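**Q** Got a predicted model here, sequence first, then my questions.
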2 protein chains.
Amino acid sequence: MAQRTATRSEPRKTSVQARSTASVGAILEATVQVLLKVGKEKLTTTLVAKRAGVSVGTLYQYFPNKSALLRAALRLHVKEIVAEVDKVCVAQRGQPVEQMAEALAVAFLAVKMGAPKRSRALYAVSSDVDGMKITAAAVARVHQEIVGLLQSAPEVLTTDLHLMATVLQSTIAGMKRQLLESDTPETQLEAMQRELILVVRGYVRACMVQSRQSASVYRS
Amino acid sequence: MAQRTATRSEPRKTSVQARSTASVGAILEATVQVLLKVGKEKLTTTLVAKRAGVSVGTLYQYFPNKSALLRAALRLHVKEIVAEVDKVCVAQRGQPVEQMAEALAVAFLAVKMGAPKRSRALYAVSSDVDGMKITAAAVARVHQEIVGLLQSAPEVLTTDLHLMATVLQSTIAGMKRQLLESDTPETQLEAMQRELILVVRGYVRACMVQSRQSASVYRS
DNA sequence: TATTTAGATGAAGAAAGCTTCAGATTAGGA
DNA sequence: TCCTAATCTGAAGCTTTCTTCATCTAAATA
């Protein structure tokens, strides 16, 4: 291993011709593939290059080192997820909070479950210090989005919106992880989603009218 | 690195004299210390040995390889947590479900927050394939305990107890992770705990009287 | 005290993976 | 077509860390 020595921290080249951008894409995709196939521990730059159909040299032309490669792959994945959540937040502006919460829950599960293996593989990467930073930033962005969304709600919310957003996020994330980490069958998934909706709806309702929980049902 | 070659898979010696058990303890403790100080990536067996005040050779006398060392440290940590949860489950037998849920929530947070840094350091280890197995086993055990606990509840529960236990576990775990990963100040912690209790109480209440809840869920 | 056994030591071997770079190949423009 | 710049190649170097084992020390035993 020579990675502890001073290594380049910037890529040598930036894409200008078409083939180079193609290479970058292939390498990024291959990174995920290899991650899926052999796991983070056994992933090597050579393996990624081979899978991408290029040589190691090419890989190092666009990614200064292994760590940067992994981070880039993670960033890409996180970006896609955030975009998806953004979309939901925009769509739900001004809707009743209960509906917002449900929509968020469904959206989160859908995104992750759409590519469960990919999510799991990249989640492993994020447990490294650098990866944590990337996901933390994404979590913070989503948090802001949710706070904004909650602000647009027609109901009077008696709980601090930041706290509320955090609770919703971690609750949903908890269930999401459970589904990712255990290979849950399709049938279980539906049941879990129903329960999650129950949980989040129950919570936001509690935030709306602290004192009379069941009375809210008869609101006109 | 020579760890890919066939390596011993069992320790050379087993403690018989007092000094050896002391060594084992010191090594295990040092593992956590090093994990905390430099992180999983930069942890080396030599570093651990030095911190423990023994030589590498001694380390290898009790742990066949680095991986086994890390696993042992994780196992120890997980064992302590499970024991703590066990205690709560025993104490809560036959109590009202709402109280059970609250007790579980409080217990989980307390255990993790008692040694947040240690938890975080060891959590990083568990993201490796082997570590996952260890935590998965612990999660499964806790799951059974919770199901048993729920069975002892005086109320009539309309939801499948396994599903219910899973939901409770992942909800609590989600919030716990949130608290571990963000360095939440002491004040926030209390607020979060209050909210978590709100969430779980709300959920188990929904499980008790499905019909009344659904009426509100499907409202307009 | 002499003998045996448990435990400790740490220099050195081994091997794996990251990264480089000098030269080969390909695309685009004149 | 020919030239230049972009891109690709992959064997080899370098470094790091894991792991071993021959040897030494301390404890137990007779």
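**A** Nice, I can see it. Numbering: from 1, shown residues only, chains lettered A, B, ... in the order given.
**Q** tell me the phi and psi of residue A:64?
**A** Phi and psi for residue A:64, reported as degrees, to the nearest 10, are phi -60, psi -30.
**Q** Ignore what I typed, I meant residue A:152.
**A** phi -80, psi 0.
**Q** residues contacting it?
**A** By CB atoms under 8 Å, 6 or more residues apart in numbering or on different chains, the contact list for residue A:152 reads A:93, A:94. (C-beta placed from N, C-alpha, C; glycine too.)
**Q** give me the number of residues near the one residue in chain A that gets nearest to DNA strand D?
**A** Among all residues of chain A, residue A:57 sits closest to DNA strand D, at 1.8 Å; criterion: CB to the nearest atom of the strand. The number of residues packed near residue A:57 is 9, by other CB atoms under 10 Å in any protein chain shown.
**Q** give me the element it is part of.
**A** Assigning secondary structure by DSSP states H and E places residue A:57 in helix A:56-62.
**Q** Can you list the buried residues in that helix?
**A** For helix A:56-62, a neighbour-count test (16 or more other CB atoms under 10 Å in any protein chain shown) marks A:58, A:59, A:60, A:61, A:62 as buried.
**Q** any idea how far the residue of chain A closest to DNA strand D lies from DNA strand C?
**A** 4 Å (CB to the nearest atom of the strand, to the nearest Å).
**Q** how close does the closest residue to residue A:156 other than its chain neighbours sit to residue A:32?
**A** Leaving aside its chain neighbours, residue A:156 sits nearest to residue A:208 (7.0 Å; criterion: CB to CB, 6 or more residues apart in numbering or on different chains). Using CB to CB, to the nearest Å, residue A:208 is found at 42 Å from residue A:32.
**Q** Let's see the pLDDT reported for the residue nearest to residue A:156.
**A** Looking at residue A:208, its pLDDT is 88.
**Q** Now do the same contact list for it.
**A** The contact partners of residue A:208, by CB under 8 Å, 6+ apart, come to A:97, A:155, A:156, A:157, A:158, A:216.
**Q** and which of those is nearest residue B:136?
**A** Lowest distance from residue B:136 to the contacts of residue A:208 (CB to CB) belongs to residue A:97, with 35.2 Å.
**Q** anything in the lowest-mean-pLDDT helix or strand in chain A near DNA strand C?
**A** Every helix and strand of chain A was ranked by mean pLDDT, DSSP states H and E. The lowest is helix A:116-126, at a mean of 89. No. On the criterion CB under 7 Å from any atom of the strand, helix A:116-126 is out of touch with DNA strand C, staying 12.8 Å away.
**Q** is any part of that helix close to chain B?
**A** Yes. For helix A:116-126, a contact with chain B is found by CB under 8 Å from any CB of the partner chain, at residue A:124.
**Q** any idea which helix or strand comes after that helix?
**A** Downstream of helix A:116-126, the first helix or strand assigned by DSSP H and E is helix A:129-151.
**Q** so what does that next one touch, helix or strand wise?
**A** Applying 3 or more CB pairs under 8 Å, 6 or more residues apart in numbering or on different chains; DSSP states H and E, we find helix A:129-151 packed against helix A:66-92, helix A:97-114, helix A:116-126, helix A:161-181.
**Q** Let me know which of those is tucked in deepest.
**A** Mean neighbours per residue, mean count of other CB atoms under 10 Å in any protein chain shown, is largest over those for helix A:161-181, with a mean of 21.
**Q** Keeping just the C-alphas, turn it into CSV.
**A** Provided in CSV are the C-alpha atoms of helix A:161-181 (Å, rounded to 0.1, in the frame of the first residue of the first chain):
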residue,chain,number,x,y,z
LEU,A,161,-40.7,22.5,13.3
HIS,A,162,-37.0,21.6,13.4
LEU,A,163,-37.6,19.1,16.1
MET,A,164,-40.6,17.8,14.2
ALA,A,165,-38.7,17.4,11.0
THR,A,166,-35.8,15.6,12.8
VAL,A,167,-38.3,13.2,14.4
LEU,A,168,-39.9,12.5,11.1
GLN,A,169,-36.6,12.0,9.3
SER,A,170,-35.1,9.7,11.9
THR,A,171,-38.3,7.7,12.2
ILE,A,172,-38.5,7.1,8.5
ALA,A,173,-34.8,6.5,8.2
GLY,A,174,-35.0,3.9,11.0
MET,A,175,-37.7,1.9,9.2
LYS,A,176,-35.9,2.3,5.9
ARG,A,177,-32.7,0.9,7.3
GLN,A,178,-34.6,-2.0,8.8
LEU,A,179,-35.9,-2.8,5.3
LEU,A,180,-32.6,-2.4,3.7
GLU,A,181,-30.6,-4.5,6.1
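**Q** how far off helix B:129-151 does it point, in degrees?
**A** Per axes from the mean of the first three to the mean of the last three CA atoms, to 10 degrees, the angle that helix A:161-181 makes with helix B:129-151 is 110 degrees.
**Q** Packing partners of helix A:161-181?
**A** If contacts are counted by 3+ CB pairs under 8 Å, 6+ apart, helix A:161-181 sits against helix A:97-114, helix A:116-126, helix A:129-151, helix A:186-208, helix B:161-181, helix B:186-208.
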